[in-house]
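Asks: sequence? don't have it. structure:
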């Protein structure tokens, strides 16, 4: 069974993987883009597949990927991860409980023929605390605080709020996998987008990172990641 993580709408690559794996002799059910974990688990219980191939393009979706993988493992089905959302060379795949990571459709077909799945069902690896979940619970607070601090034009408010939300998702994912580089990659990408638009020193990164630091002041790892990201972006620490 093959699916994209909930919130992940980039499905073309996953569809190609499905066809390559099918050509290798496997029966494949492709569930499509943005599949909620509860829907995926329902299909697992109905069909009992040998494995799930899970696609994730955006690292900010890693927390959702982890929850999906946990649900699959609990149902006794191992997961092969794929896509750049699991980091360069799939470095974050194991941290969220995947049995393996493949860089290509051919990798996926090859991995299905191995015994890598042994020991990759049941409870996932222990998470180093639940701070990432606490950060996600404050997502709306951070968005509202940043909106008040920056006061973007009304026509841009929804886009600004979405960008802030994605940054919080990236921060939570960085905490979840224990790698602040994930957050820095996200802020670097955001800075590049703003530069391409010719917006110069847009207050998004300054104000949003500061807003995160203010709202999440009682979450030490969040503040540490935010401080490092601001310093690496050439901004004042939170």
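Replies: Happy to help now that I have it. Computed from a predicted structure; not experimentally measured.

Asks: Lowest-scoring secondary structure element of the chain by mean pLDDT?
Replies: Least confident helix or strand, the chain: helix 203-215 with a mean of 82, by mean pLDDT, DSSP states H and E.

Asks: Excluding sequence neighbours, find me the nearest residue to residue 160.
Replies: Nearest residue to residue 160 in three dimensions, chain neighbours excluded: residue 152, at 4.4 Å (C-beta to C-beta, 6 or more residues apart in numbering). Where C-beta positions appear, they are placed from N, C-alpha and C, glycine not excepted.

Asks: how many neighbours does the one you found have?
Replies: 18 (other C-beta atoms under 10 Å).

Asks: Which stretches in the protein count as strands?
Replies: Secondary structure of the chain, counting by DSSP state E: strands at 2-4, 52-55, 79-82, 100-102.

Asks: I'd like the ones you listed laid out as TSV, including mean neighbour count, mean pLDDT and distance to residue 166.
Replies: Converted to TSV, the strands of the chain look like this (neighbours: other C-beta atoms under 10 Å; pLDDT from 0 to 100; distance: least, C-beta to C-beta, whole Å):
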stretch	mean neighbour count	mean pLDDT	distance to residue 166
strand 2-4	28	96	17
strand 52-55	28	96	18
strand 79-82	28	95	21
strand 100-102	22	94	23
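
Asks: Which stretches in the chain count as helices?
Replies: Taking DSSP state H to define them, one finds helices in the chain at 12-23, 37-47, 62-74, 105-111, 131-137, 139-150, 157-177, 181-196, 203-215, 220-232.

Asks: Turn those helices into a markdown table, including distance to residue 29 and mean neighbour count.
Replies: Output for the helices of the chain, formatted as a markdown table (distance: least, C-beta to C-beta, whole Å; neighbours: other C-beta atoms under 10 Å):
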| stretch | distance to residue 29 | mean neighbour count |
| --- | --- | --- |
| helix 12-23 | 8 | 17 |
| helix 37-47 | 7 | 14 |
| helix 62-74 | 14 | 24 |
| helix 105-111 | 14 | 18 |
| helix 131-137 | 30 | 18 |
| helix 139-150 | 32 | 17 |
| helix 157-177 | 27 | 22 |
| helix 181-196 | 31 | 17 |
| helix 203-215 | 39 | 21 |
| helix 220-232 | 38 | 19 |
